[in-house]
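**Student:** what's the 3D shape of this:
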Amino acid sequence: MTLHNSRIAILVDQQYQEMEIWYPLYRLREAGAKVVTVGATAGAVYPSKVGYPCKADVSWDEVHANDFDGVIAPGGFAPDFIRRHVSAINFVRDFNTQGKLVAAICHGPWVLCSANVLRGKRATSFFAIKDDVVNAGAIWEDSEVVRDGNLVTSRKPDDLPAFCLACIDVLTGQKAN
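**Tutor:** Residues are numbered from 1 along each chain as shown. Model prediction:
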């Protein structure tokens, strides 16, 4: 599975869950993708929940979904900060409109709720935000990964291997099971 010439945006903000940024970032780079971290301020360093730094390569005011093949929203508390920015929400919504990969893990679906991309879609999340995901119109499932077309969601760090494989399947045009 090669992702050469694929460009992936990973959203970042303070209090992100470490594994939910770094595991997909390195896994997708390993597969050949160009992975870019996108935050409110280009060059800003955002601490994880335990203080591990992640520098935003660019800001979401500088990027367009047309320039990427997919977007990933990590968990932790970062999604609550990300969803406060209209440009970040529009960025994610544009990926969905274009039928490109829209992926979120753990609390990441909070961003998808705000982007209004869950209505009528199957999805999962960390159990504590199930009500938010359902109220956004999703059909919630308790599964390690749920893929509905271009949408990929998972519950927690333990699900990262399945999450990344499902993301790669979307990026390489594999049909959903």
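**Student:** Does the most centrally placed residue in the chain have any beta-bridge partners, and if so which?
**Tutor:** Note on the chain: the residue nearest the mean C-alpha position is Ile72, at 2.0 Å, using C-alpha atoms, centre = their mean. Under DSSP bridges, the beta-bridge partners of Ile72 are Ile10, Ala103.
**Student:** Let me know the helix or strand that the closest residue to Ser154 other than its chain neighbours is in.
**Tutor:** Spatial nearest neighbour of Ser154, chain neighbours left out: Phe163 (3.9 Å); criterion: C-beta to C-beta, 6 or more residues apart in numbering. C-beta here means a position set from N, CA and C on the backbone, and glycine is covered the same way. Element membership for Phe163 (DSSP states H and E) is helix 160-171.
**Student:** on that earlier part again, what distance do you get for the residue nearest to the centre of the chain to Asn135?
**Tutor:** According to C-beta to C-beta, to the nearest Å, Ile72 stands 23 Å off from Asn135.
**Student:** Helices of this protein, residue ranges please.
**Tutor:** In the chain, helices defined by DSSP state H lie at 18-30, 78-82, 86-97, 109-115, 130-135, 160-171, listed in chain order.
**Student:** deepest of those, which one?
**Tutor:** The highest mean neighbour count among the helices of the chain, using mean count of other C-beta atoms under 10 Å, belongs to helix 109-115: a mean of 27.
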